[in-house]
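*Asks:* the sequence isn't on hand, but the structure is:
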């Protein structure tokens with residue numbers, strides 16, 4: 001069984017690649033269409049939460065059917081991210097660390113802790 005503590009991003013990329021190659025889907029997986037897939041699936045995730053109160057959203061994670069819907073959409077999003085990264089040789093681990101270093105500079109703890117303001121709204 002797959003487990004986040006034991007499964008690497010590389011293993012997930014290979015799993016998705018194999019799934020797609022068996023179905024001969026490379027022809028459909030250009031950057032534009034994979035990005036559209038990410039947005040489409042993200043929108044489906046967002047739709048699950050639309051017009052829900054904080055309490056209703058929290059209850060969705062208790063209701064196993066609703067939670068499964070959320071997990072399905074998250075998995076669809078991850079699939080498209082992994083496929084795009086795998087096909088176009090993007091090292092997700094490295095790029096996430098680089099981006100978090102950029103974010104660390106944009107959002108220094110002493111200026112943003114407890115705040116939801118965007119970096120350009122923080123007091124210098």
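*Replies:* In hand now; what should we look at? Values in this document were obtained by computation on a predicted structure and should not be read as measured data.
*Asks:* neighbours of the residue lying closest to residue 122 once chain neighbours are set aside, how many?
*Replies:* Nearest-residue entry for residue 122: residue 111, 4.6 Å, with adjacent residues in sequence omitted and distances by Cβ to Cβ, 6 or more residues apart in numbering. For every residue, glycine as well, the C-beta is placed using N, CA and C. Other residues within reach of residue 111 by the criterion other Cβ atoms under 10 Å amount to 13.
*Asks:* quick check: the closest residue to residue 61 other than its chain neighbours vs residue 86, distance?
*Replies:* With Cβ to Cβ, 6+ apart as the measure, residue 67 is the residue that lies nearest to residue 61, at 5.3 Å, once sequence neighbours are left out. In this view, residue 67 and residue 86 are 28 Å apart by Cβ to Cβ, to the nearest Å.
*Asks:* out of the two, which sits in the busier spot?
*Replies:* Neighbour totals were compared for residue 67 and residue 86, and residue 86 leads with 21 against 13 (other Cβ under 10 Å).
*Asks:* got the contact list for that one?
*Replies:* For residue 86, the contacting residues are 13, 14, 16, 17, by Cβ atoms under 8 Å, 6 or more residues apart in numbering.
*Asks:* and the second one, what helix or strand is that in?
*Replies:* Counting by DSSP states H and E, the secondary-structure element that holds residue 14 is helix 9-22.
*Asks:* immediately after that helix, which helix or strand?
*Replies:* Heading C-terminal from helix 9-22, the first helix or strand you meet, by DSSP H and E, is helix 31-49.
*Asks:* and for that next one, what are the contacting residues?
*Replies:* Surrounding helix 31-49, the residues in contact under the criterion Cβ under 8 Å, 6+ apart are 57, 60, 66, 69-70, 73-74, 76-77, 79-81, 83-84, 87-88.
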